[in-house]
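> Sequence and predicted structure are below.
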Amino acid sequence: MFPSSSKSNSQLSLFIIFLLRSLPCFLARKTPGFTLDNPEISTVYNRTWYNVERFFNATRGSQVIGISEIKNHFHRFGYLTLQNDTFSDKFDTRFEAAIRSYQLKLGLATTGKLDYATVTQITEPRCGVPDTLHTLHATRRYVFFPGKPRWSRPMPMTLTYGFSPDNWINSLSISDIRVVFKRAFAKWASVIPVSFSETEDYGFADIKIGFYSGDHGDGEPFDGVLGVLAHSFSPESGRFHLDAAETWAVDFGTQKSEVAVDLESVATHEIGHLLGLGHSSVKEAVMYPSLKPRDRKVDLTVDDVEGVQALYGSNPKFRPGALLEFDISTNQAFDFRIRTSTWASNLALVVILYLYL
Ligand SMILES: [Zn+2]
Ligand SMILES: [Zn+2]
C-alpha cells in the first residue's frame, strides 16, 4: 500500500511539474495580440477595433455593430467588392466567403468565422498593398502581381534609388536611414542578378522613396499611427511610400515606444513589391502582409527567395544552403521550434519517470 501510494504521489507530483513546465506554452498560445492587451497601443490604434470580443460569436445571419468596418477592411485589401454604397453590419454569405478567403490567404484556419486568430490578424498593422489571392499555383505560397510585371532590363541589371528631399522625417538621422535601406536592398541583391545603388538625383531614380502623411495624392491615403505602415507599387513604377506618422525605429535599444515600427523590416518587405512580389501566405516570410510593432523580420525566407528568383533568376554568387540559415533566423519560426522542443522534452521526461519510478 505504502509503496503504491508513494508511487502515485510521485506520479502526481511529476504530472504537476509537467503542467507547470508546460504552462508557458499554453500561455504563449493564448496570449492576446498586441491590440487587445497593450494599453498604449490600444489607445492609439483601437479607434476602429475597440471591444473586438463582440465579434467572436458572430455567425451567419447575425448582426454586430462594427462588422461593416471589417467589411471595409476586406474591401480595401481585395477580399470583398462593394455592391451598394456602404457595407452593412450583417454577417451575410458574401462576408463569410470573404472571411474564408482571408483566412486561406493569411495562413489561418479556414473556419469562416470571426474567431480569435482572425480578428487578431485583422487588427495587426500591415502593408497597404492589397493582397493578391492565389489562383494558379496553389502549392506555392508566394504570388506575383497580376500580369507578373518585373523590371525588364538586360541582366545583370542595376536599379537606382533616391530619397525624396521634400518628404522626409526628422526623428531619424539621414545616415541611419541610408544604412538601413542599403542593408535592405543588399538582402534582395544577394539572391538575384539585380544590384541597387543610391543616387542623389531623385528625379531620375528608378525607385523613389519618401515619407508621407495622410492623403498624399496617389489615392492611397495613410491613416496615422499603426494601421497601414507603408505601400509601394509594382514594376516598373518604383514609388515607395512610408507613413510619416509611424514611430520609425532603426534600433529598439534606443527607441522604446510600444508602437515603434522597424524601418528595415518594412523596407525589406516593400522592396519585394517594387521587384514584383505580392503578399505571401507564409507567416515567416518577409512578404507576409502584417508586422507587429517592435517585431523585426529582415531575413529572406525560402518562400521569398523562390518567388523573386522566379522573376529574375538566381544571383551566380547565391548559395542555396544559406536559405536554411535564413529560415531559422526568423524569430517566429525559431520561437516555434523552441516551443515544440520544450513540449517534446516535457513529454519525454514524464514518460521516462513514469516508467522508472
Ligand atoms: Zn506589402
Ligand atoms: Zn502613397
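Now that the structure is in, tell me what you want to look at. Ligands and ions are numbered 1, 2, ... in the order given.
> Which residue would be the closest one in the protein to ligand 2?
Residue nearest to ligand 2 within the chain (Cβ to the ion): residue 241, separated by 3.4 Å. Placement of C-beta: from N, CA and C, glycine included.
> didn't that residue look like it was pressed against residue 221?
No - in this structure, residue 241 is not within contact of residue 221 by Cβ atoms under 8 Å, at 10.4 Å.
> of these two, who's got more company?
Using other Cβ atoms under 10 Å as the criterion, residue 241 and residue 221 rank with residue 241 on top: 22 against 15.
> How about the secondary structure of that one?
Counting by DSSP: H, G, I helix; E, B strand; the rest coil, the backbone at residue 241 sits in strand.
> State the pLDDT value of it.
Note on residue 241: pLDDT of 98.
> And the residue of the stretch 51-200 of the chain that's closest to ligand 1?
Closest point on the stretch 51-200 of the chain to ligand 1, by Cβ to the ion, is residue 127, at 2.8 Å.
> list the contacts for the closest residue in space to that residue that isn't next to it in sequence?
Nearest residue to residue 127, sequence neighbours excluded (Cβ to Cβ, 6 or more residues apart in numbering): residue 289, at 5.0 Å. Applying Cβ atoms under 8 Å, 6 or more residues apart in numbering to residue 289 gives the contacts 77, 106, 126, 127, 129, 131, 279.
> switch the cut-off to 10 Å
77, 105-106, 121, 124-131, 269, 278-281 (Cβ atoms under 10 Å, 6 or more residues apart in numbering).
> Then residue 168?
Per Cβ under 10 Å, 6+ apart, neighbours of residue 168: 174, 177, 209, 210, 211, 244.
> 8 Å instead, please
210, 211.
> Next, work out how far apart it and residue 214 are.
16 Å (Cβ to Cβ, to the nearest Å).
> do residue 109 as well
36 Å.
> for residue 162, same thing?
From residue 162 across to residue 214, the span is 23 Å (Cβ to Cβ).
> Mind checking which of these two has more residues around it?
Comparing residue 162 with residue 214 by other Cβ under 10 Å, the one with more neighbours is residue 162, at 19 against 11.
> helix/strand/coil for the more buried one?
Three-state assignment for residue 162 (three-state DSSP): strand.
> Could I get the pLDDT score of residue 324?
58.
> ok, now residue 8?
At residue 8, the pLDDT value in this model is 51.
> Tell me who's in contact with residue 218.
Taking Cβ under 8 Å, 6+ apart, we find residue 218 in contact with 239, 241.
> tell me the secondary structure for residue 130?
Assignment for residue 130 (three-state DSSP): coil.
> nearest residue to it other than its sequence neighbours?
Per Cβ to Cβ, 6+ apart, closest to residue 130 is residue 78, 3.9 Å.
> Residue 311 now?
Of all residues not flanking residue 311 in the chain, residue 150 sits nearest, at 4.6 Å (Cβ to Cβ, 6+ apart).
> and the protein, which residues reach ligand 1?
127, 129 (Cβ under 5 Å from the ion).
> got the domain boundaries for the chain?
34-123, 157-318 (automatic domain parsing).
> looking at the ones you listed, which has the lowest confidence?
domain 34-123 (a mean of 86).
> Pull the distance from it to the chain's centre.
Using Cα atoms, centre = their mean, to the nearest Å, the mean C-alpha position of domain 34-123 is found 17 Å from that of the whole chain.
> Torsion angles phi and psi at the residue of the stretch 51-200 of the chain closest to ligand 1?
phi -80, psi 150 (degrees, to the nearest 10).
> That one is in contact with residue 228, isn't it?
Yes - at 7.2 Å, residue 127 and residue 228 qualify as touching, with contact defined as Cβ under 8 Å.
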